[in-house]
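predicted model and sequence below, questions to follow.
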Amino acid sequence: MPKVLVVDDELGIVEIVRVNLEAEGFEVASAVDGAGALRLAREFHPDLVILDVMLPDLDGWKVLAELEATPSLAGIPVVMLTARAADEDILHGLEEGAVDYITKPFYPEDLVASVKIILNVFDPSLREDFRRQLIAKRRRMLAGHG
């Protein structure tokens, strides 16, 4: 059973994500702050992390950087799920290591589909190429060349 760590300080969001992922057969753990997320990531060994940016202690950018800097956690794909929808935030998230960036409000079905795709077809050895392609596509979209 694939394991997903959900990190968000909004308990309603955590519950929506949990219910939808568990309905699809995922094991879900959750944290409401950055320090708890890092501790739980080390203990739970998730296959994927869903991470908010705006957290009460360490923000999501710092959590993402720490995950990337920790050898035992660096290969875990991270999906940003946040209200921070500015173009520069999206690019920043992808450039810092996230493999997807979903903005709130969101459709739970879209999030679950993204998680499934990442876990079923994502080849960790191609992670950098995948991220570069996402970033290039996002830059083209921002420049109006979709």
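It's in.

what about the closest residue in space to residue 55 that isn't next to it in sequence, distance to residue 3?
In this structure, residue 55 finds its nearest non-sequential neighbour in residue 34, 4.8 Å apart by C-beta to C-beta, 6 or more residues apart in numbering. The way it works is simple: take the backbone N, C-alpha and C, and place the C-beta from them, glycine included. As judged by C-beta to C-beta, to the nearest Å, residue 34 and residue 3 stand 19 Å apart.

all strands of this structure, in order?
Along the chain, the segments classed as strands by DSSP state E run 3-7, 27-31, 48-51, 78-82, 100-103.

so where is the chain shaky, pLDDT-wise?
122-128, 130-132, 134-135, 138, 141-142, 144-146 (pLDDT under 70).

for the closest residue to residue 60 other than its chain neighbours, give me its contacts.
Spatial nearest neighbour of residue 60, chain neighbours left out: residue 53 (3.8 Å); criterion: C-beta to C-beta, 6+ apart. Residue 53 makes contact with 59, 60, 61, 80, 82, 83, 84, 89, 93 under the criterion C-beta atoms under 8 Å, 6 or more residues apart in numbering.

quick one, what contacts the third one?
I take that to be residue 61. With C-beta under 8 Å, 6+ apart, residue 61 has these contacts: 53, 92, 93, 96.

please repeat the previous calculation with a cut-off of 10 Å.
By C-beta atoms under 10 Å, 6 or more residues apart in numbering, residue 61 lies in contact with 34, 51, 53, 55, 80, 84, 89, 92, 93, 96, 98.
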